[in-house]
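**Q** Test case, fold it:
(2 chains)
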Amino acid sequence: DGGITQSPKYLFRKEGQNVTLSCEQNLNHDAMYWYRQDPGQGLRLIYYSQIVNDFQKGDIAEGYSVSREKKESFPLTVTSAQKNPTAFYLCASSISGLATDTQYFGPGTRLTVL
Amino acid sequence: GDSVTQMEGPVTLSEEAFLTINCTYTATGYPSLFWYVQYPGEGLQLLLKATKADDKGSNKGFEATYRKETTSFHLEKGSVQVSDSAVYFCALTATNTGNQFYFGTGTSLTVIP
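**A** I've put the predicted structure just below:
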């Protein structure tokens, strides 16, 4: 089955630690995205990538970093510089990143900072 | 800048009631409009979309019409079921904003038997 997988489903981190969230897709999509969702709020874009080895900052990129070395993988690192990292993180992909393209979402990773 | 405004929830309806969730948008270009649904603890799933004015998106009994004159994309369903209980997000994307998605804050729907 084609789809997007995110791991782990739940992640706990101590303050001051970096942590990396995994996102893999086997849909052969060119574009991939990372969003953050906080309770009672919509999704906010952290980073996106429309092609391998290229990515752009979204609205809330501070304290996060990404890489896109392979088409199917777009890991997100939450660094210690992110002041309030506890949230639900969603990865998505689309065929080519066009405005009319549907974005397909993974099941999410819930990050809690202890 | 581009944005989406949804009616605030939560919304509670009895089974078989009529559902409307309002969504209006602000966009400088020609946006595509989407409705996504999120079940508890899961990611978002596309419910329906419309890519140009007067288009109607429909899926699983849900409908929404892209109204450019009122800048709206209201979600409707004639008879809701308990299984429709979820959070619904309106979203837009436009070429003049780098194809970035803008999501509304979501509307929580609970359907009671």
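**Q** Wasn't A:Leu27 part of a strand?
**A** No. Under DSSP: H, G, I helix; E, B strand; the rest coil, A:Leu27 falls outside any strand and is assigned coil.
**Q** Tell me who's in contact with it.
**A** A:2-4, A:93, A:95, A:104 (CB atoms under 8 Å, 6 or more residues apart in numbering or on different chains). (C-beta placed from N, C-alpha, C; glycine too.)
**Q** Filter these down to the ones in strands?
**A** A:4, A:93, A:104 (DSSP state E).
**Q** ok, and the most crowded of these?
**A** Counting neighbours by other CB atoms under 10 Å in any protein chain shown, A:Ser93 comes out on top of the ones in strands among the contacts of A:Leu27 with 29 neighbours.
**Q** what about the closest residue to that residue other than its chain neighbours, neighbour count?
**A** What sits nearest to A:Ser93 in space, not counting adjacent residues and going by CB to CB, 6 or more residues apart in numbering or on different chains, is A:His29, at 4.0 Å. Using other CB under 10 Å, A:His29 has 20 neighbouring residues.
**Q** still on that earlier bit, out of the ones in strands among the contacts of A:Leu27, flag the one nearest to B:Thr107.
**A** The nearest member of the ones in strands among the contacts of A:Leu27 to B:Thr107, counting by CB to CB, is A:Tyr104 at 21.5 Å.
**Q** Test my guess that the closest one contacts A:Thr5.
**A** No. Counting by CB atoms under 8 Å, A:Tyr104 does not reach A:Thr5; the two are 11.6 Å apart.
**Q** Find residues that contact each of the two.
**A** The contact lists of A:Tyr104 and A:Thr5 share A:Gln25, where a contact means CB under 8 Å, 6+ apart.
**Q** How far away from the center of its chain is stretch A:53-73?
**A** 8 Å (CA atoms, centre = their mean, to the nearest Å).
**Q** Which residues outside it are in contact with it?
**A** For stretch A:53-73, the external contacting residues (CB under 8 Å, 6+ apart) are A:22-26, A:28-30, A:32-34, A:36, A:44-52, A:74-79, A:81-83, A:85, B:98, B:100.
**Q** Could you list which of the residues you listed belong to strands?
**A** Among those, DSSP E puts A:22-25, A:32-34, A:36, A:44-51, A:76-78 in strands.
**Q** overlap between these and the residues near chain B?
**A** A:33, A:44-45, A:48 (CB under 8 Å from any CB of the partner chain).
**Q** Across the sheet, point out what pairs with the spatially most central residue of chain A.
**A** Chain A has A:Trp34 as the residue nearest its centroid, 2.8 Å off, counting by CA atoms, centre = their mean. When assigned by DSSP bridges, A:Trp34 has beta-bridge partners A:Tyr47, A:Cys91.
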